[in-house]
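Engineer: Take this sequence and fold it.
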Amino acid sequence: MQTSSNIKIMKIGIDAREIQDGVVTGIGRSLANFVRYFAKSDTGHQLVLFSERTIQCDVPDTVKKVIIPSCPTIIWDQWKLPHALRVERIDLFYSPYYKVPLKTHVPVVSQVLDLMFLVFPPYKKAIGFPGRGYYAVFGKAYARKSISIITDSRHAKSDIVRLWHVKENKIEVIPLGIAERYIPVKVEKILTETRNSLHLPAKFILYLGNFKPHKNVETLVKAYKKINMQFPEHKLVLAGPMDAHGNRVRSFVEKENLLDQIVFTGTIREKDRPEALLSMADIFVFPSFYEGFGLPPLEAMACGVPVIASNATSIPEVVEDAGILFNPDNVDELSNAMVRLLTDLPMKSLLIAKGLERAKLFREEITAGAICKHLLSVLGDES
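Structural biologist: Have a look, this model is predicted:
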């Protein structure tokens with residue numbers, strides 16, 4: 001497509017299935033934010049979103065939407081999508097996850113957030129030899145097909161280089177971004193409504209996330225048990241979905257005789273005001289064994305909550321000195337860190353201040369802008 005001034009308008013295609021009707025994911029929220037950012041940035045280029053169903057999130061009308069009817073995933077990915085890219089004359093295709101169409105002549109940029117399924121032992125075991133073989137063969141094929149790969153941390157980049165043998169200069173590290181809603185909430189009405197709706201105690205230590213094995217929530221429960229007698233007024237709030245993993249953690253809590261001291265809120269949705277939940281916590285703990293990035297500690301910092309997080313994988317590069325880091329295998333380290341923040345008020349105030357400043361570096365607008373700049377550079381548009 002040419003403008004009257006003879007400057008070519010490039011068309012960027014995006015796999016938008018993560019923001020189609022009925023789908024709400026972390027990738028989807030990040031993608032929708034990028035689309036909004038790109039559309040208002042006046043780059044002179046056009047976005048074309050490809051999905052199986054209608055896209056009903058607040059994507060600007062200037063963005064073209066193409067529906068490719070549902071069919072088996074491999075057919076959609078490797079036959080239907082390449083055909084649609086050809087029909088729409090796409091100049092560059094962006095996939096927000098590792099899968100890309102192999103049968104297309106269109107240059108492809110993919111995004112790989114982590115390779116946990118190939119690194120974390122329980123997950124490696126769970127997918128078995130066939131699964132590991134699939135990711136080894138097709139993951140490498142998708143990586144080779146991509147002219148550039150976006151990932152969210154230096155640690156994730158090192159995994160991609162090591163496991164998929166990708167050259168370092170082919171990988172662009174762009175951190176994830178915190179949504180604008182994550183700020184300290186001080187409106188008493190909102191705090192009271194949130195406290196009542198989630199049945200929150202007056203004082204609490206918070207974990208927010210899912211309960212999958214890599215999240216290491218059992219270690220947090222063990223550490224909390226060690227300090228419970230010393231700080232009986234502080235409950236532990238575990239906020240996350242009560243699926244099979246959540247029920248596993250609940251059974252563990254029951255075994256430790258802590259059901260009266262630990263609150264399970266269930267899934268926290270946007271309507272539940274996670275920013276208000278975070279703002280009321282005395283401490284936020286993130287004990288994960290493995291993260292490609294680790295967004296929850298930053299969301300807590302943005303809400304003015306002091307953070308204790310594990311020193312594993314990408315988490316130290318995200319938290320840096322704005323939180324207390326601990327060995328996720330060491331229960332005593334975690335319990336000591338919680339005692340410190342519950343008793344050392346100057347340290348708590350210092351971490352709150354550092355956390356607020358740290359969080360400013362990871363706003364969604366910054367992430368969206370970095371992705372936009374990278375895609376334009378791949379297109380050869382450095383303006």
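Engineer: C-alpha only now, for contacts and for neighbours.
Structural biologist: Will do.
Engineer: Check the offset of stretch 223-230 from the chain's centre.
Structural biologist: Mean C-alpha position of stretch 223-230 versus that of the full chain (CA atoms, centre = their mean, to the nearest Å) differs by 30 Å.
Engineer: In it, which of the residues would be classed as buried?
Structural biologist: Under the neighbour-count criterion of 16 or more other CA atoms under 10 Å, stretch 223-230 has Ala223, Tyr224, Lys225, Lys226, Asn228 buried.
Engineer: So which residues make contact with it?
Structural biologist: His234, Leu236, Leu258, Val331, Asp332, Leu334, Ser335, Val339 (CA atoms under 8 Å, 6 or more residues apart in numbering).
Engineer: Now do the host helix or strand of Val285, average pLDDT.
Structural biologist: Assessed by DSSP states H and E, Val285 sits inside strand 283-286. Mean pLDDT, computed over strand 283-286, is 98.
Engineer: name the helices or strands packed onto the helix or strand following it?
Structural biologist: Sequence-wise, the next helix or strand downstream of strand 283-286 (DSSP H and E) is helix 296-302. When contacts are defined as 3 or more CA pairs under 8 Å, 6 or more residues apart in numbering; DSSP states H and E, helix 296-302 packs onto helix 274-280, strand 283-286, strand 307-310, helix 315-319, helix 345-359.
Engineer: so what are the domain limits for the protein?
Structural biologist: Using automatic domain parsing, the domain parsing of the chain gives 11-177+364-379, 188-361.
Engineer: What is the end-to-end distance of the shortest one?
Structural biologist: Which is domain 188-361. End-to-end span of domain 188-361 (CA to CA, to the nearest Å): 28 Å.
Engineer: do stretch 137-154 as well
Structural biologist: Start-to-end span of stretch 137-154 (CA to CA) is 23 Å.
Engineer: Just the CA atoms of stretch 28-36, as CSV, please.
Structural biologist: Extracted in CSV, the C-alpha atoms of stretch 28-36 (Å, rounded to 0.1, in the frame of the first residue of the first chain):
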residue,chain,number,x,y,z
GLY,A,28,-4.3,-11.1,26.1
ARG,A,29,-4.2,-8.1,28.4
SER,A,30,-0.7,-7.3,27.3
LEU,A,31,-1.6,-7.7,23.7
ALA,A,32,-4.7,-5.5,23.9
ASN,A,33,-2.6,-2.8,25.5
PHE,A,34,-0.1,-3.0,22.7
VAL,A,35,-2.8,-2.8,20.0
ARG,A,36,-4.3,0.3,21.7
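Engineer: Buried residues, it. List them.
Structural biologist: Under 16+ other CA under 10 Å, the buried positions of stretch 28-36 are Gly28, Arg29, Ser30, Leu31, Ala32, Asn33, Phe34, Val35, Arg36.
Engineer: again with stretch 122-135
Structural biologist: By neighbour count with 16+ other CA under 10 Å, stretch 122-135 contains the buried residues Arg132, Tyr135.
Engineer: Over to stretch 65-74?
Structural biologist: Lys65, Val66, Ile67.
Engineer: Stretch 191-208 too?
Structural biologist: Under the neighbour-count criterion of 16+ other CA under 10 Å, stretch 191-208 has Leu191, Thr194, Arg195, Leu198, Leu200, Pro201, Lys203, Phe204, Ile205, Leu206, Tyr207, Leu208 buried.
Engineer: Which of those residues fall within helices?
Structural biologist: Those of the buried residues of stretch 191-208 mapping onto helices are Leu191, Thr194, Arg195, Leu198, per DSSP state H.
Engineer: Need these in TSV (columns: pLDDT and distance to Glu172).
Structural biologist: Listed next are these as TSV, based on pLDDT from 0 to 100; distance: CA to CA, whole Å:
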residue	pLDDT	distance to Glu172
Leu191	97	39
Thr194	96	39
Arg195	96	41
Leu198	95	40
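Engineer: what's the next secondary structure element after whichever helix or strand Phe34 is part of?
Structural biologist: According to DSSP H and E, Phe34 maps onto helix 26-40. Note on helix 26-40: by DSSP H and E, the next helix or strand toward the C-terminus is strand 46-51.
Engineer: three-state assignment of the nearest residue to Ile262 once chain neighbours are set aside?
Structural biologist: Once flanking residues are discounted, Ile262 sits nearest to Leu236: 4.8 Å by CA to CA, 6 or more residues apart in numbering. Using DSSP: H, G, I helix; E, B strand; the rest coil, the structure places Leu236 in strand.
Engineer: Surely Leu236 touches Gln261?
Structural biologist: Yes - taking contacts as CA atoms under 8 Å, Leu236 lies within contact range of Gln261: 6.5 Å.
Engineer: Settle it for me: which of the two has more neighbours?
Structural biologist: Using other CA atoms under 10 Å as the criterion, Leu236 and Gln261 rank with Leu236 on top: 27 against 18.
Engineer: Check the gap between that one and Lys373 for me.
Structural biologist: For Leu236, the distance to Lys373 (CA to CA) stands at 42 Å.
Engineer: next one: Ile174
Structural biologist: The value you get for Ile174 to Lys373, if CA to CA is used, is 11 Å.
Engineer: Same question for Gly246.
Structural biologist: Distance of Gly246 to Lys373, given as CA to CA: 40 Å.
Engineer: With neighbour numbers in mind, choose between these two.
Structural biologist: Neighbour count, other CA under 10 Å: between Gly246 and Lys373, Gly246 has more, with 21 against 17.
Engineer: Which elements pack onto the strand or helix carrying that one?
Structural biologist: Using DSSP H and E, Gly246 sits within helix 244-255. Applying 3+ CA pairs under 8 Å, 6+ apart, one finds that helix 244-255 makes contact with helix 217-227.
Engineer: repeat that with 6 Å
Structural biologist: Packed against helix 244-255 by the contact rule (3 or more CA pairs under 6 Å, 6 or more residues apart in numbering; DSSP states H and E) you find no helix or strand.
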